[in-house]
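A.B. asks: Need a 3D model of the sequence below.
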Amino acid sequence: MPAASLLCAPDTAVLDGNQLVRNKIALLIGDRTTRTSLNKLLTQANAALTKGPWTVVDKPQTPPSGDKHDYLSLAPYYWPTQPPTPANPSGCPYVQKDGVRNPATDAIPDKSERLTAFSSIYQLSLAWYYTRNPAYAQRAALDLRTWFLDAATRMNPNLNFAQGIPCKTDGRGIGIIEFSYTFTQVLDAAAILDTGAPGWNGTDNAGLKAWSGDFLTWLQTSKNGKDEAAQTNNHGTFYEMLSAGIALYTGNKTLARQIVQNAESTRIDTQIDGDGNQPQEAIRTLSYHYFTFNLVAMTRLAAIGKHVGVDLWAYRTPQGGSLFKAVDFLIPAATGGASYWPHPDIAFNQYAALDSLHAAADQGDRAARAALAHTPVPPGGDLYPVRPAAEQLDDISLTHS
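C.D. replies: Coordinates of the predicted model:
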């Protein structure tokens, strides 16, 4: 393969393609940090080589539409109040217990399989980009085609039945968060594969762009999509990030720019106080998690903004709040532990802030950069150096509501 193609920058939506090229050069000259991070990534990618492929049609349940190609899940924090009987097999009515996941939701596999599939696609695509091992690309392409493209196994481009509540609703706008950043990982994976990966061709690429365009239309026009767009906490942020990422991936830079620009007033102004506190996340029983979770959406939205000429990192609210302030608010707990966190959290994971600190440090935040050396890394290691976009690192991703 020509040397120029080896250094081709992918046309990614969230990741900085030029940074991926710089990472490849760092590997060539023996940079230890990059190599250590890549080795951790390859451990995950090697495991993904023998998993899947996954499909929504393999679930035992049939959605209310009667079509197993529709994605299906239940609200994780809702619990039955009555013992099941023949007349009331679900134990309705259901009540919410914030932060406490109902394990009965695991009986429907779409949510967990989506998480594993999308994460695997991302890991495999990055592994191929850095190593050029064709096995990684071919497996990622198989996983993509199985979930999104093949007629027998593809998911329909909607989330009509995400996070339903028995005896109350078949699906909610809140369920859109189950795709949240993981679908934008898929889009970046496809962009990486589109730089010449074996097993992924122009027809595949056009098919995924068409699927994504249909999904974006659903996000913008459906009741569930409109409900989620109206949310004022992390749900609204993730909706904007997801929509902007898809718009950019499908070639609508004008829409992507508009979404990111509007986020200054609709998201940052309303969600970040002058001192960096996030009051709408502070009321949650998993407050530290939700602070970092919302920052995953905000920093990824800022990364999309860089591609379309909008600098969310430079934005300051009328009260003096900013993405930098929100990240810096985490530093005492990120470096010192739960005793330094001012809000309740029933499952504090100190390392959850690591990627937000990385993202801020990349934009010149000296306090965040200094904090990195004192913040624990997650069990799988620090992967940010080779996939430089924030992810939610504390493993409660099957519990969001």
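A.B. asks: So which residue is dead centre in the chain?
C.D. replies: Nearest to the geometric centre of the chain sits Tyr181, at 1.8 Å (C-alpha atoms, centre = their mean).
A.B. asks: Contacts only, for that one.
C.D. replies: For Tyr181, the contact set (C-beta atoms under 8 Å, 6 or more residues apart in numbering) comprises 14, 238, 241-242, 296-297, 300, 390-392. C-betas here are computed from N, CA, C, even on glycine.
A.B. asks: cool, Thr285 as well?
C.D. replies: Per C-beta under 8 Å, 6+ apart, neighbours of Thr285: 98-100, 344-346.
A.B. asks: If we use 6 Å, what do you get?
C.D. replies: The neighbourhood of Thr285, defined by C-beta atoms under 6 Å, 6 or more residues apart in numbering, consists of 98-99, 346.
A.B. asks: Would you mind checking the residues you listed for buried ones?
C.D. replies: Gly99 (16 or more other C-beta atoms under 10 Å).
A.B. asks: Return the subset of the contacts of Thr285 lying in strands.
C.D. replies: Nothing among the contacts of Thr285 maps onto strands, per DSSP state E.
A.B. asks: Output the contacts of Thr285 in TSV, with pLDDT appended to each entry.
C.D. replies: Shown next, in TSV, are the contacts of Thr285 (pLDDT from 0 to 100):
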residue	pLDDT
Asp98	83
Gly99	80
Ile346	92
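A.B. asks: of all the contacts of Thr285, which comes closest to Cys8?
C.D. replies: Of all these, Cys8 sits closest to Gly99, with 44.0 Å by C-beta to C-beta.
A.B. asks: that older thread, okay if I get the contacts of Tyr181 as a markdown table plus neighbour count, distance to Asp194 and pLDDT?
C.D. replies: Shown next, in a markdown table, are the contacts of Tyr181 (neighbours: other C-beta atoms under 10 Å; distance: C-beta to C-beta, whole Å; pLDDT from 0 to 100):
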| residue | neighbour count | distance to Asp194 | pLDDT |
| --- | --- | --- | --- |
| Val14 | 27 | 15 | 98 |
| Phe238 | 27 | 25 | 98 |
| Met241 | 29 | 21 | 98 |
| Leu242 | 28 | 20 | 98 |
| Val296 | 24 | 25 | 98 |
| Ala297 | 27 | 25 | 98 |
| Arg300 | 28 | 20 | 98 |
| Ala390 | 27 | 23 | 97 |
| Glu391 | 18 | 22 | 96 |
| Gln392 | 21 | 26 | 94 |
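A.B. asks: Number of residues surrounding Met298?
C.D. replies: Counted with other C-beta atoms under 10 Å, residues neighbouring Met298 total 29.
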